[in-house]
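Q: Here's my sequence, what's the structure:
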Amino acid sequence: MTDSYSASEVSHRYVLDLVRSADRDRFLAALFAPEPARRALLALLAFDHELARTRLVTQEPMLARIRLEWWREAVTEAAGAATPRAQPIVESLSEIARRHGIGVERLVALIDAREEEIEGPLDVVRAGDALADLQLEVLGVRDAATRDAARAVAAAWLMGEGTERDALLAEARARRRAIDPVALPILLPALLLDGPMAPWRKPLAYWWAAKRGRY
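A: You can find the predicted model right below:
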């Protein structure tokens with residue numbers, strides 16, 4: 001375990017506001033996690049959002065790779081013992097990486113997965129696995145059934161409608177009785193992949209599903 005680090009409340013608030021505006025569906029689901037796991041999930045979603053923005057920020061592959069290299073250097077600092085660079089997401093990542101003993105290679109795995117998107121299609125399974133593994137780590141969940149379900153939901157989230165996504169959702173739900181309920185905050189977004197849902201219904205749907213241990 002590396003030296004502890006605490007991000008400022010300003011950084012945590014920045015992360016919360018970013019995820020709430022940019023990834024509201026998964027933001028609402030993350031709220032079902034208790035603190036400090038909730039903050040950790042939001043930091044990971046903010047990190048994933050920033051990586052996903054790379055292809056929107058620039059169409060030039062070289063600039064995109066430079067941007068991702070900045071993130072590689074930043075997460076190396078975040079997972080290390082030195083003071084992380086002054087960027088709210090990096091600071092929040094540093095807190096959770098050191099608290100949970102997350103090695104830099106786990107954070108870099110998500111960056112590497114997203115890099116494929118610069119000049120080709122995103123490998124949704126690779127990217128989904130990388131994010132799900134990080135989320136499960138901060139939730140303290142390590143059993144195989146929950147891992148398989150979380151990975152399937154994370155990959156399905158990155159897909160468009162189709163038989164492949166349906167198969168992943170079916171795979172995740174087949175493990176419903178075996179999953180650790182602690183992981184429900186990262187499984188609940190699967191509900192929204194079944195079809196359109198009015199914004200006001202989403203929190204209620206999440207609440208009812210969480211109460212019954214469903215997704």
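Q: Name the residues of the host helix or strand of residue 126 that are buried.
A: Element membership of residue 126, judged by DSSP states H and E, is helix 124-139. Of the residues in helix 124-139, 124-125, 127-139 count as buried by neighbour count, 16 or more other CB atoms under 10 Å. Every C-beta, even on glycine, is put in place using the N, C-alpha and C of the backbone.
Q: now stretch 10-30
A: With burial defined by 16+ other CB under 10 Å, the residues of stretch 10-30 counted as buried are 11-12, 14-16, 18-19, 23, 25-30.
Q: lowest average confidence, helix or strand, in the protein?
A: For the chain, scoring each helix and strand by mean pLDDT, DSSP states H and E identifies helix 54-57 as the least confident one, at a mean of 87.
Q: can you give me the helices for the chain?
A: Per DSSP state H, the chain has helices spanning 9-22, 24-30, 37-52, 54-57, 61-79, 88-100, 104-115, 124-139, 144-157, 163-174, 184-187, 201-212. These are given in chain order.
Q: Between those helices, which one is closest to residue 194.
A: With respect to residue 194, and counting by CB to CB, the nearest of the helices of the chain is helix 163-174 at 7.7 Å.
Q: which residues touch the nearest residue to residue 184 once chain neighbours are set aside?
A: For residue 184, ignoring the flanking residues on the chain, the nearest one in space by CB to CB, 6 or more residues apart in numbering is residue 210 at 5.2 Å. Under the criterion of CB atoms under 8 Å, 6 or more residues apart in numbering, the contact list for residue 210 reads 32, 184, 188.
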